[in-house]
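Novice: sequence first, predicted coordinates after that:
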Amino acid sequence: MYRYYTRGVCAKSILIDIEDDVLLDVVFEGGCTGNLIAIKGLVEGKNIDDIIDALEDIPCRGRSTSCPDQLANALKIYKKYAK
């Protein structure tokens, strides 16, 4: 499992488990519980490139980022450094 420390959002970190470019598990620590459970259900089992395309650049409450955007950032960093 890989931990990504978020910036500019309510969730403090995101734990992700990836195998063969498929997101197997995601856990947000902190944040809006209902929304993050929904995101988890929508992205688990999906290819990380598809998730990045769907979630990057989503804003939240006037901020330039959001928990979904931070997940996309985490996946981009994973692709660049952890693969």
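Specialist: Nice, thanks for sending it over. On a predicted model such as this, the values are computed, not experimentally measured, just so you know. Numbers count the residues shown, from 1 in each chain.

Novice: mind pulling up the pLDDT for the nearest residue in space to residue 35 that is not next to it in sequence?
Specialist: Excluding the flanking residues, the one nearest residue 35 by CB to CB, 6 or more residues apart in numbering is residue 67, at 7.1 Å. From N, CA and C alone the C-beta is placed, and that goes for glycine too. pLDDT recorded at residue 67 is 97.

Novice: and residue 67, how far from residue 19?
Specialist: From residue 67 across to residue 19, the span is 23 Å (CB to CB, to the nearest Å).

Novice: which of these two has more neighbours?
Specialist: Neighbour comparison, residue 67 and residue 19: the larger count goes to residue 67, with 23 against 8 (by other CB atoms under 10 Å).

Novice: wait, doesn't the more buried one sit right on residue 32?
Specialist: Yes: using CB atoms under 8 Å, residue 67 makes contact with residue 32 at a distance of 7.5 Å.

Novice: tell me, what's touching the two both at once?
Specialist: Common neighbours of residue 67 and residue 32, using CB atoms under 8 Å, 6 or more residues apart in numbering, are residue 10.

Novice: buried stuff in the helix or strand harbouring residue 38?
Specialist: Using DSSP states H and E, residue 38 falls within helix 33-43. Judged by neighbour count (16 or more other CB atoms under 10 Å), helix 33-43 contains these buried residues: 35, 36, 39, 43.
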